[in-house]
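Enquirer: My questions are about this predicted structure, shown below with the sequence.
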Amino acid sequence: MRKILVAGNWKMHGSRAMVQELLSGLLDGTNKAGNADMAVFPPFPYLAETQRLLTGSSIFWGGQTLNPAAQGAHTGEVSAGMLLDFGCSMVLVGHSERRTIYAESDEDVAERFEAALAAGLVPVLCVGETLEERENGTTETVVARQLDAVLNRCGIEGFRRAIVAYEPVWAIGTGKTASPDQAQAVHAFIRDKFVSQDDIIAGQLRILYGGSVNGTNAADLFAREDIDGGLVGGASLKVADFLAIRDAVD
Ligand code: 13P
């Protein structure tokens, strides 16, 4: 049986008080043995508090991005080593907001993915098309291009310890979720692309869906063959909502 991953990307939300309340609530709610792993991705300033509260628990945590350099004159940036210092085991790379607002190219994303792997972090590679690209019928071309940049740099071996998150840009923060059929079709496309290179890695790869996931739509999405969990934004900021998504797994 697959183990679903329910991951919360807090983006630039929160406060010290909110982090304490949210993580205490999640810890109280993780007594239930279920078929889901959980992970949270807080803003950098809250990683220390996250490490303090989650160490020894079953919840994973990680950074929302990283700089590929080990150190240096990169004002405002954070390296893989710094994330490891705060107990991170994962890091998001290529989130659509990084690609669009901060102009990260496919190659920049691939470089970050490689740096994460080299440091021993699990990269969560985010891919997905805009509304215009979907309407033009280029969803698969766009997703393939985003994956190929990483495959060209790290090879299929790079995905042995990685996670992929399919996040259609038009579904992020809009309340407009991709239907289970739409999401499954792209997830199957992603897995098939890897099958041609290594069917074991492809079979074990976790492919998460992200974009307006909530407690109501999660069960239908997670029931699909190639949807191995969710990367949740807004609904991960409230304990009850996030736990409702986790509970949708069983
Ligand atoms: P929402 O769940 O708020 O749509 O955000 C999805 C997302 O971007 C997670 O990384």
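Expert: Structure's in. What do you need? Numbers count the residues shown, from 1 in each chain.
Enquirer: ok, which residues in this protein are in contact with the ligand?
Expert: By CB under 6 Å from any ligand atom, the residues of the chain that approach the ligand are 9, 95, 167, 172-173, 210-213, 231-235. For every residue, glycine as well, the C-beta is placed using N, CA and C.
Enquirer: From these, list just the buried residues.
Expert: 9, 95, 167, 172, 210-213, 231-235 (16 or more other CB atoms under 10 Å).
Enquirer: wait, which of those residues is closest to the ligand?
Expert: Gly233 (2.3 Å; CB to the nearest ligand atom).
Enquirer: Look up the closest residue to the closest one, ignoring the ones flanking it.
Expert: Ranked by CB to CB, 6 or more residues apart in numbering and with sequence neighbours excluded, the top spatial neighbour of Gly233 is Asn9, at 5.4 Å.
Enquirer: Ala244 too?
Expert: Gly215 (2.9 Å).
Enquirer: and that neighbour, what is it in contact with?
Expert: Counting by CB atoms under 8 Å, 6 or more residues apart in numbering, Gly215 makes contact with 235, 241, 244-245, 247-248.
Enquirer: Tell me which two of those sit farthest apart.
Expert: Ala235 and Asp247 (12.4 Å; CB to CB).
Enquirer: returning to that earlier point: so the residue nearest to Gly233 touches Ser96, yeah?
Expert: No - using CB atoms under 8 Å, Asn9 is not in contact with Ser96; the gap is 10.9 Å.
Enquirer: can you tell me how far the residue located most distally from the centre of the chain sits from Leu84?
Expert: Centroid-distance maximum for the chain: Ala73 at 27.8 Å, with CA atoms, centre = their mean. Using CB to CB, to the nearest Å, Ala73 is found at 21 Å from Leu84.
Enquirer: rewinding a little: which pair of the residues of the chain next to the ligand spans the longest distance?
Expert: Of all the pairs that the residues of the chain next to the ligand form, the one spanning the most space (CB to CB) is His95 and Ala235, at 16.4 Å.
Enquirer: Low-confidence regions, this structure specifically.
Expert: 1, 31-33 (pLDDT under 70).
Enquirer: the helices in the chain, which residues?
Expert: Taking DSSP state H as the criterion, the chain contains helices spanning 16-28, 47-54, 80-85, 96-100, 106-119, 131-135, 139-154, 180-195, 199-204, 218-222, 239-247.
Enquirer: Tabulate those helices (a markdown table), appending distance to Val40.
Expert: Below are the helices of the chain laid out as a markdown table (distance: least, CB to CB, whole Å):
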| stretch | distance to Val40 |
| --- | --- |
| helix 16-28 | 7 |
| helix 47-54 | 7 |
| helix 80-85 | 13 |
| helix 96-100 | 17 |
| helix 106-119 | 17 |
| helix 131-135 | 28 |
| helix 139-154 | 24 |
| helix 180-195 | 22 |
| helix 199-204 | 23 |
| helix 218-222 | 16 |
| helix 239-247 | 9 |
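Enquirer: wait, which of those helices is closest to Gly62?
Expert: Per CB to CB, nearest to Gly62 of the helices of the chain: helix 80-85, 7.0 Å.
Enquirer: Which strands or helices does the closest one pack on?
Expert: helix 106-119 (3 or more CB pairs under 8 Å, 6 or more residues apart in numbering; DSSP states H and E).
Enquirer: Which parts of the helix it packs on count as buried, going by neighbours?
Expert: In helix 106-119, counting by 16+ other CB under 10 Å, buried: 106, 108-117, 119.
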